Structures are given as C-alpha cells and as structure tokens.
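Engineer: what follows is a predicted protein model with its sequence.
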Amino acid sequence: MANSQGPQGNYDPAGSTQMFRAFVDEAPQTPERRGSGSRVGLIVGAVIAVAIIAAVAWLALK
C-alpha cells in the first residue's frame, strides 16, 4: 500500500522561505562593501601609476 500523503519528515516550507528572504536581504550589503574598497584601491593605484609615469617623464627630460 503506497503512502499518498506528502513527503515524510519535518519539512517546513515557511522556514525555508524565511531563510531565503534573510539571505536575499543580506546579499546587497556585501558587494557594496567590496565595491567601495576596490574603488579606493583602484583610485590609489591610478594615482601611484600617474606619479610613476610623471617621475619617469621628468627624469627623461632632465
């Protein structure tokens, strides 16, 4: 005789939905933090690159 009722065990679809919503609510915060940190690094790297190029050009013209 087959059991035609739902799956066995303690499956809680509402709990899974709540965990998913918590995950989705937290997800946007992480890229913003990484994005602002990488932007600062990119700006610092660009400033250093321009300073090195300017120093090399100054030495070449001296």
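Structural biologist: Right, received. Where do you want to start?
Engineer: from here on, contacts and neighbour counts on C-alpha atoms
Structural biologist: OK.
Engineer: C-alpha coordinates for the helix or strand hosting residue 23, PDB please?
Structural biologist: Per DSSP states H and E: residue 23 is located in helix 13-26. The C-alpha atoms that make up helix 13-26 are tabulated as PDB, following Å, rounded to 0.1, in the frame of the first residue of the first chain:
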ATOM      1  CA  PRO A  13       8.500  25.300   3.600                       C
ATOM      2  CA  ALA A  14       7.800  28.600   5.500                       C
ATOM      3  CA  GLY A  15      11.100  28.200   7.300                       C
ATOM      4  CA  SER A  16      13.000  27.700   4.000                       C
ATOM      5  CA  THR A  17      11.300  30.800   2.700                       C
ATOM      6  CA  GLN A  18      12.300  32.900   5.700                       C
ATOM      7  CA  MET A  19      15.900  31.700   5.400                       C
ATOM      8  CA  PHE A  20      15.900  32.600   1.700                       C
ATOM      9  CA  ARG A  21      14.500  36.100   2.400                       C
ATOM     10  CA  ALA A  22      17.100  36.600   5.100                       C
ATOM     11  CA  PHE A  23      19.800  35.600   2.500                       C
ATOM     12  CA  VAL A  24      18.400  37.900  -0.100                       C
ATOM     13  CA  ASP A  25      18.200  40.800   2.300                       C
ATOM     14  CA  GLU A  26      21.800  40.400   3.400                       C
END
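Engineer: which is the next helix or strand following it?
Structural biologist: Using DSSP H and E, the next helix or strand after helix 13-26 towards the C-terminus is helix 29-61.
Engineer: so for that following helix, what's the average pLDDT?
Structural biologist: Summarised as a single mean, pLDDT over helix 29-61 is 82.
Engineer: what is that helix packed up against?
Structural biologist: Counting contacts by 3 or more CA pairs under 8 Å, 6 or more residues apart in numbering; DSSP states H and E, helix 29-61 is packed against no other helix or strand.
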